[in-house]
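Peer 1: Everything below, folded, please.
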Amino acid sequence: MRNGKWYIVLARKLQLLRYARPKIGHLQKVNSQFSGFASLIAIGMHFEIFLSSTFAKCKFSCRDYIVILFLSVFVSNATQAQETINKEVRVVKPYEPTLSDAFKINMLPVTNDTIRLSTDIQYSIKPKSFQPVYTFRPLKPARMESEQISKLYHSYLELGFGNYVTPLGELSISNLRSRTLSIGAYLMHMSSYGKVKLANEKKVFGGYGDTDFVLYGKKTFKKAILSAEAGVKQDWVHFYGYNTEIDTSLSKDNIRQNYLDVFAGIKLQSSHLDSTHLNYKFQANYHYFKDRFRNQQNEIYFLTRFNKVFLRNKMFGIDLDLLYIGSDMDSLSSPSTYIRFEPWVSQKTDVWTLDLALNVTFAVENGHTKAYLYPKAKFQFNIVPQYLTAYVALDGEFENFSFRQTVSVNPFQIPGLNAKSANRKLNFFGGFNGSFSRKSAYHIRGSYSQVDQMYFFVNDTVNELGNQFSFEYDDIEITRIYGEVSTQIGSQAELFIKANYYFYELTTQTRAWHKPNFDATMTLRYSFRNKILIGIDAFYIGKRYAKSYELAKPEIALDGFADINLKLEYQYTKILSFYLKFNNILGRGYEVWNQYPVQRFAVFGGFTYSL
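Peer 2: Just a heads-up that it's a prediction; the model follows:
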């Protein structure tokens, strides 16, 4: 059998497989239930059993087994290819994938290196110049918008009228814009013809009037400026504030007082931009003043000033003043002359400024001559430039008063009464000033002064009506604290506030008569779209005292008061506007001077026009 053809032997042996056909059918049935590799495994298991039982009866070689196995697989695959596989899938619930938890291994590798390596690096830097390459690119020039110059008008006219029969007229005329010449004229009149209620509820005539006329001019030369003015000022008042305990009736003509001031002035000063040049200033003023009762004074004033920079940042100067007062009055008939000679030096740096001077004053009064000496010094230090500056100073001066000056303070004084001069022998002050920002500024100042022969207004006792004022004098010490703040709110509003506190130490008088211990003012300006302008002026005067010559009542308390004024203006065009004024809105008849209540609530309206 071994030497015969192998395929003959195989054919004989395959005849024996006919007896196992039912079992092969059984294999086909099993094969139809599996696919792929699982089917092959199942077939192999059944086929192994079959071969074991069959080949036990027949003795085959190993090669024969392999051939028989190959044919069996081929037959099985051929049979499987003829059957249809059922691919139907039944889903009984949604697929829910699950993942097992992952645990991080927190063990970090640790290297125990016992060998330490140190590297010794040697290097050197060779200098080499770096030549950057510049590329220049031309910039376009910035476009500057030309600033529009506001148009000037030749004249300005204002007319108005208010209650208490109060007319107002104002006219201003000037030339147009010029670099070398400015001339003009100004005329104003305001008067009131109303009555005022006194403490006894009786109404008396309290009219007043003010008329001003001024001619002025200024000529600009290459190195100097020449200016001059001349005018007339006329005021009239009534002494209506009498003692209400007296039953009397006053006539308007009997209590009227007129004041006339004719004045002129001229000034010439250098305009060198370089302070190393010799700078100069010459000024002369003249006043002729008289009242209804022919009390008159002539004032002539001269001022001369020279200054020049020497020795690098040091400026030296000298001032020379002369005042002559010729009087023809009941209280003063002889002339008075005052001469002031003051050399000074000033040094200024970017951080500090120092001013030193010596004021020498000669006073010739009532035929007697006296000399007064006042050293002056001021030191200013810029702590934070433009924001905080501190200063301290010491000075003094001889204060002379003319009839015109005291009348401007209190027009109800005795006709022809001239106040005595005062000697401010010491004035020490210091403070801070600066700004919070570009739109706000502040100033705080404290001062201490010693003044001999300072005057106070008191009611006259010679006249039982007490409706005129005379003077009382005393040597005093004054402590004053002053503060002011100004700011611009946005681009349409401005606010200004200032206040004073006073403390007086007297020698003979019991009170500083008619002097408040506190006063304050506030000004607010608001522009709404440059069409509606709102202005508020308010002030407060603290408590004061008036002297009384009654033994039972040596002084009279004058309550503090507040006054608020409002102005509304509508600018119809650039040249025409209309306005309303509300004065003393609180309607209080307060007394600035003892027995002289003011007019209460007043309304005033008018218009302005530019020609």
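Peer 1: which element follows the strand or helix carrying V204 toward the C-terminus?
Peer 2: Using DSSP states H and E, V204 falls within strand 203-205. The first helix or strand that comes after strand 203-205 along the chain, using DSSP H and E, is strand 208-220.
Peer 1: partners of that next one, with directions?
Peer 2: strand 181-192 (antiparallel), strand 224-238 (antiparallel) (DSSP bridges).
Peer 1: quick check, distance from it to the centre of its chain.
Peer 2: Chain-centre distance of strand 208-220: 35 Å, with Cα atoms, centre = their mean, to the nearest Å.
Peer 1: residues in contact with it?
Peer 2: With Cβ atoms under 8 Å, 6 or more residues apart in numbering as the test, strand 208-220 has contacts from 179-192, 225-238, 271. Bear in mind the C-beta positions are built from the backbone N, C-alpha and C, glycine included.
Peer 1: what's the answer for stretch 506-513, then?
Peer 2: Residues from elsewhere that reach stretch 506-513 (Cβ under 8 Å, 6+ apart): 456-458, 472, 474-476, 502, 504, 544-547, 554-555.
Peer 1: Now restrict the residues you listed to buried residues only.
Peer 2: Buried by 16 or more other Cβ atoms under 10 Å: 456-458, 474-476, 502, 504, 544-547, out of the contacts of stretch 506-513.
Peer 1: Tabulate these in TSV, adding columns for secondary structure.
Peer 2: Converted to TSV, the buried ones among the contacts of stretch 506-513 look like this (DSSP: H, G, I helix; E, B strand; the rest coil):
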residue	secondary structure
F456	strand
F457	strand
V458	strand
D474	strand
D475	strand
I476	strand
Y502	strand
Y504	strand
R544	strand
Y545	strand
A546	strand
K547	strand
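Peer 1: Looking at the residues you listed, spot the one nearest F130.
Peer 2: Distance to F130, by Cβ to Cβ, is smallest for Y502 among the buried ones among the contacts of stretch 506-513, at 71.6 Å.
Peer 1: Surely the closest one and N517 touch.
Peer 2: Yes: in this structure, Y502 is within contact of N517 by Cβ atoms under 8 Å, at 5.4 Å.
Peer 1: residues touching Q297, list them.
Peer 2: 287-290, 325-329, 402-404, 418.
Peer 1: so of the residues you listed, which ones are in helices?
Peer 2: Among the contacts of Q297, DSSP state H puts 403-404 in helices.
Peer 1: Quickly check the contacts of Q297 for the two that are furthest apart.
Peer 2: Distance extremes for these: the farthest pair is Y288 and N418 at 15.5 Å, using Cβ to Cβ.
Peer 1: ok, back up a step: got a ChimeraX select line for the buried ones in the contacts of Q297?
Peer 2: A single ChimeraX command is used to select the members of these judged buried by 16+ other Cβ under 10 Å:
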select :287,288,289,290,325,326,327,329,402,403,404,418
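Peer 1: Counting only strands, which of the contacts of Q297 make the cut?
Peer 2: Using DSSP state E to define strands, the subset of those located there is 287-290, 325-328.
Peer 1: Can I get those residues in JSON lines including distance to K281?
Peer 2: Listed next are the ones in strands among the contacts of Q297 as JSON lines, based on distance: Cβ to Cβ, whole Å:
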{"residue": "H287", "distance to K281": "20"}
{"residue": "Y288", "distance to K281": "24"}
{"residue": "F289", "distance to K281": "25"}
{"residue": "K290", "distance to K281": "30"}
{"residue": "I325", "distance to K281": "22"}
{"residue": "G326", "distance to K281": "25"}
{"residue": "S327", "distance to K281": "28"}
{"residue": "D328", "distance to K281": "32"}
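Peer 1: Now flag whichever of the residues you listed is closest to A493.
Peer 2: For the ones in strands among the contacts of Q297, the nearest to A493 is H287 (39.6 Å; Cβ to Cβ).
Peer 1: who's that closest one bridged to?
Peer 2: F263, E299.
Peer 1: wait, it sits on Y324?
Peer 2: No: the pair H287 / Y324 is not scored as a contact, 11.0 Å apart, by Cβ under 8 Å.
Peer 1: Direction included, what does the helix or strand where L426 lies pair up with?
Peer 2: Assigned by DSSP H and E, L426 belongs to strand 422-437. Take DSSP bridges as the rule and strand 422-437 pairs in its sheet with strand 388-399 (antiparallel), strand 440-459 (antiparallel).
Peer 1: List the buried residues for it?
Peer 2: Within strand 422-437, the residues that count as buried by 16+ other Cβ under 10 Å are 422-425, 427, 429-431, 434-435.
Peer 1: What's the local residue count around Y242?
Peer 2: 24 (other Cβ atoms under 10 Å).
Peer 1: Next, the contact list for it, please.
Peer 2: 198, 248, 250, 465-467, 595.
Peer 1: Mark which of those residues are buried, thanks.
Peer 2: Counted by 16+ other Cβ under 10 Å, the contacts of Y242 give 198, 465-467, 595 as buried.
Peer 1: Can you flag which of those belong to strands?
Peer 2: Among the buried ones among the contacts of Y242, no member falls in strands (DSSP E).
Peer 1: I'd like to know which of these is nearest to G560.
Peer 2: Nearest member of those to G560, counting by Cβ to Cβ, is Q595, at 17.3 Å.
Peer 1: who's in contact with that closest one?
Peer 2: 198-199, 241-244, 459, 466-467.
Peer 1: measure stretch 504-513 end to end?
Peer 2: Length of stretch 504-513, first residue to last, Cα to Cα, to the nearest Å: 11 Å.
Peer 1: Next: stretch 304-316.
Peer 2: End-to-end distance (Cα to Cα), stretch 304-316: 14 Å.
Peer 1: Including pLDDT, could the buried ones among the contacts of stretch 506-513 go into JSON lines?
Peer 2: Shown next, in JSON lines, are the buried ones among the contacts of stretch 506-513 (pLDDT from 0 to 100):
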{"residue": "F456", "pLDDT": "97"}
{"residue": "F457", "pLDDT": "97"}
{"residue": "V458", "pLDDT": "96"}
{"residue": "D474", "pLDDT": "97"}
{"residue": "D475", "pLDDT": "97"}
{"residue": "I476", "pLDDT": "97"}
{"residue": "Y502", "pLDDT": "97"}
{"residue": "Y504", "pLDDT": "97"}
{"residue": "R544", "pLDDT": "96"}
{"residue": "Y545", "pLDDT": "96"}
{"residue": "A546", "pLDDT": "96"}
{"residue": "K547", "pLDDT": "94"}
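Peer 1: from those residues, which is closest to K348?
Peer 2: Using Cβ to Cβ, the buried ones among the contacts of stretch 506-513 come closest to K348 at Y502, 32.8 Å.
Peer 1: Tell me the bridge partners for that closest one.
Peer 2: In beta-bridge terms (that is, DSSP bridges), Y502 pairs with R480.
Peer 1: quick one, what contacts it?
Peer 2: Residues near Y502 by Cβ under 8 Å, 6+ apart: 478-480, 512, 515-518.
Peer 1: could the strands paired with strand 422-437 go into TSV alongside distance to R312?
Peer 2: What follows is those, written out as TSV (distance: least, Cβ to Cβ, whole Å):
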stretch	distance to R312
strand 388-399	23
strand 440-459	31
